[in-house]
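Student: 3D, please:
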Amino acid sequence: MAILANIVAGNVAVFQLTRQALWQRDVRGLMPQDAAIWSEPRISTPSAWGTALNLSEESNEAGYLLSLLYSFRDFRAVASFLSQNKELTLLLLEAYGQLRLRFGEENTLALETFIDPEAPSECSLVAIIHVSLSPERALKIMDDFDMGWWLDALQRANHKLMFALEYA
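Tutor: Numbers count the residues shown, from 1 in each chain. The predicted structure is shown next:
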């Protein structure tokens, strides 16, 4: 699976290449596109679309894109954690598309570091989905996210990422 992104005139578009289709997240919402034209992990977009981004794990551009897609609740702590755990950057970009696909555009996403009081030496990152849905509906969508994507991606997180719902 490849993640593609593009910043055009201040708007962010994130593309996710799956076996079925390329999903685009932009101001118009999610829509299937022709996936055949996108095949490289480094984005190579037509010049009319704006700037190409390098989304490798070592890329500062990927971290910058994350800061546009998620709000960082403690910017220094989250940025520091991500710089020490670069494998999470691409995973979080993938998660963004999956979360938007399921929860929609109206719900905000945030990142926050978490230190377990029972294991103070262990730090992890929490991706928080701020929802205004009923708890029953939000939990059903979260179960769909878990079964449809997260359980397959969980191993790549190396026990350093979790997802949580926050109700409005």
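Student: In the protein, where is pLDDT below threshold?
Tutor: Residue ranges of the chain with pLDDT under 70: 1-60.
Student: what about the helices in it?
Tutor: Using DSSP state H, the helices of the chain run over residues 60-69, 75-84, 87-103, 135-145, 151-153.
Student: among the ones you listed, which is nearest D116?
Tutor: Closest approach to D116 among those is made by helix 75-84 (13.9 Å; C-beta to C-beta). Just so you know, the C-beta spots here come from the backbone N, C-alpha and C atoms, and that holds for glycine as well.
Student: Quick one: residues in contact with that closest one.
Tutor: Residues from elsewhere that reach helix 75-84 (C-beta atoms under 8 Å, 6 or more residues apart in numbering): G63, L66, S67, F72, L88, T89, L111, E112, T113, C123, L125.
Student: Identify the nearest residue to S71 in space, disregarding sequence-adjacent positions?
Tutor: Spatially, and ignoring its direct neighbours in sequence, S71 is nearest to A110 (4.5 Å; C-beta to C-beta, 6 or more residues apart in numbering).
Student: Pairing partners for that neighbour in the sheet, please.
Tutor: Beta-bridge pairing of A110 under DSSP bridges involves S71, I128.
Student: from what I can see it touches L125, true?
Tutor: No - with contact defined as C-beta atoms under 8 Å, A110 and L125 do not form a contacting pair (10.7 Å).
Student: Just want to know which of these two has more residues nearby.
Tutor: Neighbours were counted for A110 and for L125 using other C-beta atoms under 10 Å; L125 has more, 21 against 16.
Student: The more buried one: what's it in contact with?
Tutor: V78, F81, L82, N85, L88, L111, E112, T113, F114, K160, L161, M162.
Student: Phi and psi next, for the closest residue to the fourth one other than its chain neighbours.
Tutor: Going back to what we said before, that points to N85. Leaving aside its sequence neighbours, N85 sits nearest to K160 (C-beta to C-beta, 6+ apart; 5.4 Å). K160 adopts backbone torsions of phi -120, psi 10, taken as degrees, to the nearest 10.
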